[in-house]
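Chemist: Using only what follows, build the 3D model:
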Amino acid sequence: MLAGISADYYLRLERGRDRNPSPQVLMAIGRVLCLNDEHMAHLLSLVADAPRTLRPRQRKEVVPDGALALLDGLVQPAFIEGRYFDILAANDLARALSPGLDVGGNQLRDFFLDSAQQTLYPEWEAMTECFVANLRQAVGPDIEDPRFIELTGELSLASVSFRRMWARHEVRAQYGTPIRFNHPEVGDLVLNRERLAISGADGQWLVIYHANTGSRDAEKLSILASACLPTRQPQRRSQPDEASRSENHR
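Modeler: Residues are numbered from 1 along each chain as shown. Down below sits the predicted model:
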């Protein structure tokens, strides 16, 4: 065979009768199958030498203080997501862009189960395909993670679309890309989406949306930002106290 292994051994791998192939064998097969770097890395991670250990019951993801301070200082819509697209922190403009981008929400769950979110993103199917492929990359061999089991179990039961996409076994990373919105307040809106890893916080990402400078989209984003500003309460004239009223009547 092109991979330098026998047909009998390849058949045993394919049927699961040999579950400990060497990295060299996997790399040879990957080259024959023309896997890219992302797919090759994912394939090798599935047979890593390190033993798999059951995680303790769902650990809370804590955002570093420095990342929260950075988020608070951003004027663009921005939020921090966890390993499985849970929203861990978000600024006001992110919530104005999408109510789903609020602490406690989960983007993947909203994409498949919330019709309002599907309306917000006209290119919904392409986005969900990317997210599902990225979820498979994110979990790697750690399939016993309670949060992963909980999320994929819920979506598998509730969404035919998720089951179909998950069954493809696609693996893909996320890169900066334009995202189109059909926003109820400003209409059609195209923003660039950047996803930056947060150092010291495994699996956490800072996601920022920004418009091209001078574009119509930048104007619409400014309008949305203005609507987020706190309104100033009208100053009430203080009522004269009892002593003042008595003085005025003299």
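Chemist: what helices or strands is the strand ranked longest in the chain leaning on?
Modeler: Of all the segments assigned as strand in the chain under DSSP state E, the longest by residue count is strand 187-197. Packing partners of strand 187-197 (3 or more Cβ pairs under 8 Å, 6 or more residues apart in numbering; DSSP states H and E): strand 177-183, strand 205-210, helix 216-228. C-beta coordinates here come from the backbone N, C-alpha and C atoms, glycine included.
Chemist: Please identify the deepest-packed of the ones you listed.
Modeler: Most buried of those by mean neighbour count (mean count of other Cβ atoms under 10 Å) is strand 205-210; its value is a mean of 20.
Chemist: Got the domain ranges for the chain?
Modeler: 7-45, 65-228 (automatic domain parsing).
Chemist: Same list, these, but as JSON lines with mean pLDDT please.
Modeler: Shown next, in JSON lines, are the domains of the chain (pLDDT from 0 to 100):
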{"stretch": "domain 7-45", "mean pLDDT": "58"}
{"stretch": "domain 65-228", "mean pLDDT": "93"}
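Chemist: So which of those domains is the most surrounded?
Modeler: domain 65-228 (a mean of 16).
Chemist: which secondary structure elements does the longest helix along the chain contact?
Modeler: For the chain, the helix reaching the highest residue count under DSSP state H is reported as helix 124-139. Applying 3+ Cβ pairs under 8 Å, 6+ apart, one finds that helix 124-139 contacts helix 37-45, helix 107-113, helix 160-166.
Chemist: thinking again about what came up before, parallel or antiparallel, which strands does the longest strand of the chain pair with?
Modeler: As defined by DSSP bridges, the strand partners of strand 187-197 come to strand 177-183 (antiparallel), strand 205-210 (antiparallel).
Chemist: and the angle from the shortest one to helix 216-228?
Modeler: Between strand 205-210 and helix 216-228, the angle formed by their directions is 110 degrees, by axes from the mean of the first three to the mean of the last three Cα atoms, to 10 degrees.
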